[in-house]
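Novice: below: sequence and its predicted model.
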Amino acid sequence: MACASGVCTSSSSTFKPEQVIVRATRTATTASSSLAPSPRFPRNDSVSCPNRCKLVARSSCRSFHLRPTQSIGREVPANLLRPDVVQKELEKDPVALWRRYIDWLYQHKELGLYLDVSRIGFTDEFVEQMEPKLQAAFRAMEELERGAIANPDEGRMVGHYWLRNSRLAPTSFLLSQIDNTLEAICKFANDVIGGKIKPPSSPAGRFTQVLSVGIGGSALGPQFVAEALAPDNPPLKIRFIDNTDPAGIDHQIAQLGSELASTLIIVISKSGGTPETRNGLLEVQKAFRDAGLDFSKQGVAITQENSLLDNTARIEGWLARFSMFDWVGGRTSEMSAVGLLPAALQGIDIKEMLAGASLMDEATRASVVKNNPAALLALCWYWASDGVGSKDMVVLPYKDSLLLFSRYLQQLVMESLGKEFDLNGNRVNQGLTVYGNKGSTDQHAYIQQLREGVHNFFVTFIEVLRDRPPGHDWELEPGVTCGDYLFGMLQGTRSALYANNRESITVTVQEVNPRSVGALIALYERAVGIYASLVNINAYHQPGVEAGKKAAAEVLALQKRVLAVLNEASCKEPVEPLTVEEIADLCHAPADIEMIFKIVAHVAANDRALIAEGNCGSPKSIKVFLGECNIEELYT
Ligand SMILES: O=P(O)(O)OC[C@H]1O[C@H](O)[C@H](O)[C@@H](O)[C@@H]1O
């Protein structure tokens, strides 16, 4: 598929493994650990030793291959293979630890991505025990990719892997749907950036801003990618409305100011009926009306065909509509129009993102655990959290641009794995808690507790080798750059945590670019899928979310009844102020009295003609009435 502008062309800054070898020899000892030659390829005699292994003798490679997989070396007696003992031994024996590091180091050569699981203390026995479960997980993933109904409750296929390799799609119809949508995204983005598609009444004569309205999976991926990859001066700057907080919405619109006239509004909702997103849309449409602008000329919808949003956009004649597919879940939709259109509009090379994800997908189809980084992650999660989520996953990227990765992963992991029942209907209350921001910033916030406090977590460090674009670095002390400090902070924290028996994983990428970001997303998508199989749950539904939505709808329905009751009382002559108890009785909802009090307090705080007299600190004392009675409402 050809793309006219630079949006979809391949990146010239793609990492080349050879570059690392050169730098590995140039940089001093500090860099050597993360640049260690990988022993992985020689594991299989039929695979020749790749270039990187030239750094070590071929015989050494072979010895890694032949040595039985043992956590801390042959000399350790079997009775020492208890995890805590293993760890203590490793701490005392840096050589054994180094051997464990290289023995388990995963390298994806083309992506320049490494995965270090050596600081997770799993034993060989554990790996052996997990092997049948992992093989079952690989088979489940294979079936999923072939189009099985992998989301049984909702009767859906799960096809986010096809998005980056449409040839994998189970039917030619799906294949052309994927290809056509991608082509349409590229064309639209190019036309907007090139000024062919422009706003009707902007002095700028072209779109300068994107305002994305969406929530959950319809916001977190685009937010993460924008933070990670948007250039300093993107062709269109992006902002987000991802909540129904009126002040937050006002802030975004105020920040746009007169640029509202040159803002492309992208409304994203798979279902097309999410209340927060609908409210965001209505608020933005009001802002357009207030400014005398025609929303339809600047509105774009990304949603499933025939959803409420799709129908609205069609009927109102919005600028464009892009399809979201039934078989792509919200939290795995970054490589669909949901993520790709906003990214392309910011000048991010979306084909490189797809290429990175596709390469990672290939790697994570390997059925040999050590060769499959997603399986290694899932294995570590299982080990570290006893397969029941007993420990939290703290995600610490040491790179500002990856700040939102943990937030993105929060939904991907917790909405996928946080389930009450397993696939056999047993109550399991599964999950894996994710939090984190970035290093070294977090070292000055909560690392104190991680090092010394309650031991309820394991860490995932994300390391980025490239500190800055070439040609910009300088030494702020002799021989030391600012980036060396960041590197030192990461390594120091990793060591300090390990010395206190705190486990960690390290994912290393060469640089933050579309390819590595695509790969990271794909890596974690697959790890979540594999882990879900290991613990026998459906990763692709979210029944628990409905409970909160239903309860919210009930609160709003109750509020309408409260206001009707107050209206009736306030239309009497003289006006009859009511206590909260009286309101609850008149609403025939005595059990909801606390909620009624909260409704009264909220409405009274918002200039809505509801007056609450008394002290809200003692709810029984307050008397409530409406400042204006609405006779019409009474008789309708
Ligand atoms: O894209 P939408 O249909 O508007 O859904 C937005 C979000 O809604 C719910 O909270 C779901 O649990 C999320 O998975 C989804 O991403």
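Specialist: Alright, I've got the coordinates. Since we're looking at a predicted model, the values are computed, not measured.
Novice: tell me the secondary structure at Gly221.
Specialist: Judged by DSSP: H, G, I helix; E, B strand; the rest coil, the three-state class of Gly221 is helix.
Novice: would you mind giving me the confidence score for it?
Specialist: Gly221 is assigned 98 on the pLDDT scale.
Novice: wait, doesn't it sit right on Ser333?
Specialist: Yes - look at Gly221 against Ser333 with CB atoms under 8 Å: they come within range, at 6.5 Å. (Glycine included, C-beta is placed from N, CA and C.)
Novice: tell me which of these two has more neighbours.
Specialist: Gly221 (29 against 25; other CB atoms under 10 Å).
Novice: how close does that one get to Leu229?
Specialist: Look at Gly221 and Leu229: by CB to CB, to the nearest Å, they are 12 Å apart.
Novice: what's the answer for Pro514, then?
Specialist: Applying CB to CB to Pro514 and Leu229 gives a distance of 6 Å.
Novice: who touches both of those two?
Specialist: Residues touching both Pro514 and Leu229 (CB atoms under 8 Å, 6 or more residues apart in numbering): 343, 348.
Novice: now name the helix or strand holding Ala612.
Specialist: strand 610-613 (DSSP states H and E).
Novice: what does that strand contact?
Specialist: Contacts for strand 610-613 (CB under 8 Å, 6+ apart): 563, 566, 577, 600-601, 603-604, 622-627.
Novice: what residue lies at the spatial centre of this protein?
Specialist: Tyr408 (2.0 Å; CA atoms, centre = their mean).
Novice: so that residue touches Leu220, yeah?
Specialist: Yes - the pair Tyr408 and Leu220 passes the contact test of CB under 8 Å, sitting 4.8 Å apart.
Novice: ok so, going back, pull the residues that contact the helix or strand just after the strand holding Ala612.
Specialist: On the C-terminal side of strand 610-613, the nearest following helix or strand under DSSP H and E is strand 623-626. When contacts are defined by CB under 8 Å, 6+ apart, strand 623-626 is touched by residues 563, 566-567, 569-570, 575-580, 583, 600, 604, 609-614.
Novice: so who does the nearest residue to Phe126 once chain neighbours are set aside touch?
Specialist: Spatial nearest neighbour of Phe126, chain neighbours left out: Trp383 (6.1 Å); criterion: CB to CB, 6 or more residues apart in numbering. Residues in contact with Trp383, defined by CB under 8 Å, 6+ apart, are 120-122, 126.
Novice: out of those residues, flag the one nearest to the ligand.
Specialist: Ile120 (29.0 Å; CB to the nearest ligand atom).
Novice: could you report the neighbour count for the nearest residue to that closest one once chain neighbours are set aside?
Specialist: Leaving aside its sequence neighbours, Ile120 sits nearest to Cys380 (CB to CB, 6+ apart; 4.4 Å). Cys380: 25 surrounding residues under other CB under 10 Å.
Novice: got it, and Leu220?
Specialist: For Leu220, using other CB under 10 Å, the count is 26.
Novice: isn't it up against Ser406?
Specialist: No - applying CB under 8 Å, one finds Leu220 not in contact with Ser406, separated by 10.6 Å.
Novice: in what helix or strand does Phe240 lie?
Specialist: strand 237-241.
Novice: partners of that strand, with directions?
Specialist: strand 209-213 (parallel) (DSSP bridges).
Novice: now the partner strand: average pLDDT?
Specialist: For strand 209-213, the per-residue pLDDT averages 98.
Novice: over to stretch 335-348?
Specialist: Here the average pLDDT along stretch 335-348 is 98.
Novice: residue contacts, Ile197?
Specialist: Taking CB under 8 Å, 6+ apart as the test, what Ile197 contacts is 188, 191, 207, 319.
Novice: any chance of the residues you listed in CSV, with secondary structure and neighbour count too?
Specialist: Below are the contacts of Ile197 laid out as CSV (DSSP: H, G, I helix; E, B strand; the rest coil; neighbours: other CB atoms under 10 Å):
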residue, secondary structure, neighbour count
Phe188, helix, 21
Asp191, helix, 16
Phe207, coil, 24
Leu319, coil, 21
